[in-house]
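Asker: sharing a model that was predicted from the sequence below.
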Amino acid sequence: MTKLNSFVLSKRSKETPPSGIRKIFNKAMFLEDVIHLEIGEPDFDTPQYIKEAGCKAILNKYTHYTHNAGLLELREAIADYYRSTQNVDISLENTLVSIGGTGTLLLSLLAIVDIGDEVLLPNPGYPPYTSMVKMIGAIPKYYSLKENESFLPNIEEIENIITNNTKVIIINTPNNPTGIVYPSNILRRISELAEDYDLVVISDEVYERLIFDNLNHYSILKFSEEGNVIVIGSFSKSYAMTGWRVGFAVSNNVKIIKSMTELQEHVAICAPAMAQKAAFVALSESQEEAENMVKQYEKRRNLVVSLLNEFPNVSFVKPQGAFYLFLNISHYSKDSYKFAEELLLKKKVAVAPGATFGSLGEGYVRISFANSEENIEEGVKRLKEFLMELK
């Protein structure tokens, strides 16, 4: 007789690797005086008026299920935001609220992708892209983001890897881990390519408010006329609401939103009602605190760039958004995991190993500047000491 514990865990669970970022984070938890530059989470607290809105919602009995697609007022506010900022013709029927950006992304894949379909992913890219695609039985294929091309997608390369089995292209702007913001001409060409080959574009735009240097965020929704785009958004980064777990999807295809809504009923039912009310207040009231966070991130970006510019034998592309810098340390190490672990143990600085973002991330580490200026200065100082010892 086969023992139960020999088949309890699924092949899917066994083949889903743990996050390389969390490996470093978990090791850092047992050390003192660690400067955390590895985690992609705002160091700011959720603004008080948003917290008060959540508490008020609980007292007002927003402790029950909402519509599977989310509160109508929140969905309308999201639609209004995209109408006003991206000049696109959408309504609340084009929106869905779900459990964070990650949960929303998984729902979008479940709604579009079948077993054996191919999904084109950026390399380097956000690690859960690959995990999710494999979880649902699809096949990840990769297009490169290279430092010597400013970490922008190469449209010809993407076209060359499209086959009859390709169903989806995932893009991410502002980008994690590179901090690059995609210009309108790149987005327009990706949209045209997707329409030519009858593909769906899933555009991860969870950092869309964290933009520097007076640049504009362009959503690929602006350039799509075929109803083949799903935008993934979130309140986590823009409003320091990572623990509230409110994300959303916007699509120019109502059928896609309807399918995602039906799937959500079987996966999560709905996002927490009180968190949705708080998100509505976040989006509908003054944006001053959210804008001040962006100003602080830009100031920190400027600091880390100025400090790293003094380093010998490293390189990077100046980030334009999000709160990451992707640092090329290949002169010192070709093993980013080993580099990150030794940096942590010897200098008490935690960074994310580049290889966790894909094969083309090897030789890099991701530095998060979602930390105080004091900690950034100290962390970079320790990093410089570590590099000097490796010479």
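Answerer: All right, it came through fine.
Asker: A77: neighbour count?
Answerer: By other Cβ atoms under 10 Å, 18 other residues sit near A77. Where you see a C-beta, it was placed from the backbone N, CA and C, and this is true even at glycine.
Asker: nearest residue to it other than its sequence neighbours?
Answerer: Using Cβ to Cβ, 6 or more residues apart in numbering and skipping the chain neighbours, the partner closest in space to A77 is L283 (4.8 Å).
Asker: residue contacts, F357?
Answerer: F357 is in contact with N123, P124, G125, Y126, P127, P177, Y364, R366, counting by Cβ atoms under 8 Å, 6 or more residues apart in numbering.
Asker: so where do the strands sit in the stretch 201-350 of the chain?
Answerer: Under the criterion DSSP state E, counting those that start in this stretch, the stretch 201-350 of the chain carries strands at the ranges 229-234, 247-251, 324-328, 349-350.
Asker: which residues touch the first one?
Answerer: The one in question is strand 229-234. 78, 82, 100-101, 104-105, 108, 112, 191, 194, 200-206, 208, 219-221, 246-253, 256.
Asker: so where's this structure uncertain?
Answerer: Within the chain, the segments meeting pLDDT under 70 span 1-7.
Asker: can we see that at 90?
Answerer: 1-23, 25-29, 31, 39-40, 225-227, 310, 390-391 (pLDDT under 90).
Asker: surely V168 is within a helix?
Answerer: No. With DSSP: H, G, I helix; E, B strand; the rest coil as the criterion, V168 is strand rather than part of a helix.
Asker: touching, it and V200? I think so.
Answerer: Yes. Under the contact definition of Cβ atoms under 8 Å, V168 touches V200, with a separation of 4.9 Å.
Asker: list residues touching both of the two?
Answerer: Each of I112 lies in contact with both V168 and V200 under the rule Cβ under 8 Å, 6+ apart.
Asker: top helix in the chain by residue count?
Answerer: Counting residues, the longest helix found in the chain (DSSP state H) is helix 288-308.
Asker: strands of the stretch 1-150 of the chain, start to end?
Answerer: 35-36, 95-98, 118-123, 139-144.
Asker: winner for burial among those strands?
Answerer: Among those, strand 95-98 has the highest mean neighbour count (mean count of other Cβ atoms under 10 Å), at a mean of 29.
Asker: and that strand, how far from the chain's centre?
Answerer: Offset of strand 95-98 from its chain centre (Cα atoms, centre = their mean, to the nearest Å): 17 Å.
Asker: ok, back up a step: possible to save the strands of the stretch 201-350 of the chain as CSV with mean neighbour count and distance to G20?
Answerer: Formatted as CSV, the strands of the stretch 201-350 of the chain follow (neighbours: other Cβ atoms under 10 Å; distance: least, Cβ to Cβ, whole Å):
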stretch, mean neighbour count, distance to G20
strand 229-234, 27, 22
strand 247-251, 27, 23
strand 324-328, 23, 14
strand 349-350, 26, 12
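Asker: could those strands be laid out in TSV, adding distance to I158?
Answerer: As requested, the strands of the stretch 201-350 of the chain are exported to TSV (distance: least, Cβ to Cβ, whole Å):
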stretch	distance to I158
strand 229-234	16
strand 247-251	21
strand 324-328	20
strand 349-350	34
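Asker: so which of these gets nearest P17?
Answerer: Each of those has some distance to P17 by Cβ to Cβ; the shortest is strand 349-350, at 19.0 Å.
Asker: other SSEs contacting that closest one?
Answerer: With contacts defined as 3 or more Cβ pairs under 8 Å, 6 or more residues apart in numbering; DSSP states H and E, strand 349-350 has these neighbours: helix 20-28, strand 35-36, helix 336-347, helix 373-390.
Asker: which one of the ones you listed is the most hemmed in?
Answerer: Most buried of the helices and strands packed on strand 349-350, by mean neighbour count (mean count of other Cβ under 10 Å): strand 35-36, with a mean of 22.
Asker: note down every partner strand of that strand and its orientation.
Answerer: When sheet partners are counted by DSSP bridges, strand 35-36 sits next to strand 349-350 (parallel).
Asker: which residue sits closest to I90, ignoring its sequence neighbours?
Answerer: Nearest residue to I90 in three dimensions, chain neighbours excluded: A79, at 5.2 Å (Cβ to Cβ, 6+ apart).
Asker: how many neighbours does E156 have?
Answerer: E156 has 9 neighbours, counted by other Cβ under 10 Å.
Asker: isn't there a helix covering it?
Answerer: Yes. Checked against three-state DSSP, E156 lies within a helix.
Asker: how about the contacts made by it?
Answerer: So E156 contacts nothing (Cβ under 8 Å, 6+ apart).
Asker: measure it to D80 for me?
Answerer: According to Cβ to Cβ, to the nearest Å, E156 and D80 sit 38 Å apart.
Asker: for the helices and strands packed on strand 349-350, which one sits closest to K146?
Answerer: helix 336-347 (16.3 Å).
Asker: count the neighbours of V34 for me.
Answerer: So V34, with other Cβ under 10 Å, has 20 neighbours.
Asker: my guess is it contacts K27, does it?
Answerer: No. With contacts counted by Cβ under 8 Å, V34 stays clear of K27, the gap being 9.3 Å.
Asker: overlap in contacts, these two.
Answerer: Contact criterion Cβ under 8 Å, 6+ apart; residues bridging V34 and K27 by contacting each: L344.
Asker: the longest helix of the chain - contacts with which helices or strands?
Answerer: Contacts defined by 3+ Cβ pairs under 8 Å, 6+ apart place helix 288-308 against strand 324-328, helix 373-390.
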